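Peer 1: Sequence first, then the predicted structure:
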Amino acid sequence: MDMLKLICRDRPTIGLTEFLSIFDIYSGNEEIRKLEEKFAKYIGTDYAVTFSTGRIALYCLYKSLAKGKEIIVPAFGCMPIVDSVVWSGNQPRFADIDIDTYNINIDSVRNEINEKTAIISPVHLFGLPADLDSLLELKEKYDLLLIEDAAMAPGAEYKGRKVGSFGDAAVFSFERSKLLTSYQGGIVTTSSEKIYGALQSSKSEFKNKFLNGHKNILKLYFYHVVSNPYVWRILYNFWRRRHPEETENIGVAEQPLPKKYLIDYAPIQANVALKQLKKLDLFIKKRRKNARYLTKKLEGVEGLALPEEPDYAKHIYARYVVRVKEDFGIDRMQLKEELLKRGVDAGLWYIYSLPYTDPYNRVGDSCQNALISSQQTLTLPNYPSLNDEEVKHIAESVLEIKDNV
């Protein structure tokens, strides 16, 4: 591969039509209505409601369903999982994950259910559906609500049916690194008229921030340009000086709810998301193709745990996450540095286990799989704009490093 390149860890897949949306002076609330209708139809629900971010979508959803209760969430994931629970006036209760799928462990969920539990909120982490049949059984047995956190999983399927249509409601994210993006944004899907009405009412406190949508689309295009492999090679060191990776992804709760988040989702962003939705199945097809190649080349490598796809699931590989075990020969940070020397910028999602973050600090708790995953996982680049040569180079770089350990 041309070593003037540095393959970025993630890159939004946008075209000229998305960029030209900033000149569309006719974008109005009709665009938001269209997006909500088309996205609900794509997922298979009756309703969808847009929000400025995924975490605000979760916050409004939890706030409309419970107060002063406990919400069971996985111990491995991003800090907004916790923020949205606390903002809503509830408390998170952490369940461990399965070490092979990184999704919430059913036995751990069962052990955490108590008289204060109101909601189980599994995350379809990295684009792999959680064990929904087992979760639905717990929901029915204990008369709980099931809220799917499908931020990374638009188009993922559980037994042939799209996630986001199983629980009482689900949340998806349109953040810049997601499969379908408008730089920021979130959307809730549900078939409950009651939940739909409550969500619409919750938006009354939001304000329309002038030109915020245009600014976000310009940011999205800027990141698209910056993450070009030739540009990223030039800018990487400057970017990392300003955004050190060891602090970029650390778990720091944003409490209380920052007022900056209480804004409307902009019509121009809905316009972009509509264009992205038309391409989503193609994006998924390319990610799955890349993932199949990486798995075929890397399977059998000692000490390297690859993503799994159980028979019940269609994984969309929002992240291609490997786990660098002790018998690989070097740890994940050493592997990351070696890949960087070879023109591959591997990423860290996530470097913390949520129960161990401030203010929880549950040292010695039972979520050991989450802790191990936070210490060993590394994300290899996987997105639609990668060409075959680049995907091959990623795999061969890992194999070369392993051979030299």
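Peer 2: Yep, that arrived.
Peer 1: Give me the neighbour count for residue 367.
Peer 2: Neighbours of residue 367 under the rule other Cβ atoms under 10 Å: 23. Placement of C-beta: from N, CA and C, glycine included.
Peer 1: I'd say it and residue 93 touch.
Peer 2: No - contact criterion Cβ atoms under 8 Å: residue 367 and residue 93 do not qualify, at 11.0 Å.
Peer 1: Distance of the most centrally placed residue in the chain relative to residue 85?
Peer 2: In the chain, the residue lying closest to the centroid (Cα atoms, centre = their mean) is residue 152, at 3.4 Å. Separation of residue 152 from residue 85 (Cβ to Cβ, to the nearest Å): 18 Å.
Peer 1: Also residue 235?
Peer 2: Taking Cβ to Cβ, one finds residue 235 at 36 Å from residue 85.
Peer 1: And the helices in the stretch 51-200 of the chain, which stretches?
Peer 2: Taking DSSP state H, counting those that start in this stretch to define them, one finds helices in the stretch 51-200 of the chain at 54-65, 80-87, 106-112, 132-142, 193-202.
Peer 1: swap in the stretch 251-400 of the chain?
Peer 2: 267-298, 332-341, 368-376, 388-403.
Peer 1: Looking at the ones you listed, which is nearest to residue 57?
Peer 2: The minimum distance between residue 57 and those falls on helix 267-298, with 13.4 Å, by Cβ to Cβ.
Peer 1: Now do the buried residues in that closest one.
Peer 2: 267-277, 279-280, 283-284, 286-291, 293-295, 297-298 (16 or more other Cβ atoms under 10 Å).
Peer 1: what about it, average pLDDT?
Peer 2: In this model, helix 267-298 carries a mean pLDDT of 97.
Peer 1: now it against helix 388-403, angle please.
Peer 2: Orientation check (axes from the mean of the first three to the mean of the last three Cα atoms, to 10 degrees): helix 267-298 against helix 388-403 gives 50 degrees.
Peer 1: what's helix 267-298 packed up against?
Peer 2: On a contact count with 3 or more Cβ pairs under 8 Å, 6 or more residues apart in numbering; DSSP states H and E, helix 267-298 meets helix 16-19, helix 29-43, helix 212-226, strand 320-324, helix 388-403.
Peer 1: What sits closest to the residue nearest to the centre of the chain if chain neighbours are left out?
Peer 2: Distance criterion Cβ to Cβ, 6 or more residues apart in numbering; nearest residue to residue 152, sequence neighbours excluded, is residue 318 at 3.9 Å.
Peer 1: Neighbours of the one you found, how many?
Peer 2: Neighbour count of residue 318, defined by other Cβ under 10 Å: 28.
Peer 1: quick one: it from residue 402, how far?
Peer 2: In terms of Cβ to Cβ, residue 318 sits 25 Å off from residue 402.
Peer 1: just the helices of the stretch 51-200 of the chain: most buried one?
Peer 2: helix 54-65 (a mean of 25; mean count of other Cβ atoms under 10 Å).
Peer 1: Low-confidence regions, the stretch 201-350 of the chain specifically.
Peer 2: Residues of the stretch 201-350 of the chain that meet the criterion pLDDT under 70 lie in 243-255.
Peer 1: Go again with 80.
Peer 2: For the stretch 201-350 of the chain, the stretches with pLDDT under 80 are 210, 239-256.
Peer 1: quick one: average pLDDT of stretch 183-193?
Peer 2: pLDDT averaged over stretch 183-193 gives 97.
Peer 1: Report the buried residues of that stretch.
Peer 2: In stretch 183-193, counting by 16+ other Cβ under 10 Å, buried: 183-192.
Peer 1: Just the endpoints, please. Distance across it?
Peer 2: 29 Å (Cα to Cα, to the nearest Å).
Peer 1: picking that back up, now intersect the buried residues of stretch 183-193 with the strands, please.
Peer 2: Secondary structure from DSSP state E places 186-190 of the buried residues of stretch 183-193 in strands.
Peer 1: The residue nearest to the centre of the chain and residue 342: what is the separation?
Peer 2: For residue 152, the distance to residue 342 - Cβ to Cβ - is 27 Å.
Peer 1: Can you verify my assumption that residue 202 contacts residue 58?
Peer 2: No - under the criterion of Cβ under 8 Å, residue 202 makes no contact with residue 58, lying 11.7 Å away.
Peer 1: Where does pLDDT dip in the stretch 51-200 of the chain?
Peer 2: For the stretch 51-200 of the chain, no range has pLDDT under 80.
Peer 1: sorry, back to before: nearest to residue 13, of the helices of the stretch 251-400 of the chain?
Peer 2: helix 267-298 (5.9 Å).
Peer 1: what about that closest one, distance to the chain center?
Peer 2: 13 Å (Cα atoms, centre = their mean, to the nearest Å).
Peer 1: who touches the nearest residue to residue 376 once chain neighbours are set aside in this structure?
Peer 2: Leaving aside its sequence neighbours, residue 376 sits nearest to residue 323 (Cβ to Cβ, 6+ apart; 4.7 Å). Neighbouring residues of residue 323 by Cβ atoms under 8 Å, 6 or more residues apart in numbering: 99, 304-305, 373, 376-378.
Peer 1: Let's have those in a markdown table, adding distance to residue 39 and neighbour count.
Peer 2: Output for these, formatted as a markdown table (distance: Cβ to Cβ, whole Å; neighbours: other Cβ atoms under 10 Å):
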| residue | distance to residue 39 | neighbour count |
| --- | --- | --- |
| 99 | 33 | 16 |
| 304 | 36 | 20 |
| 305 | 33 | 17 |
| 373 | 30 | 24 |
| 376 | 35 | 18 |
| 377 | 30 | 22 |
| 378 | 32 | 22 |
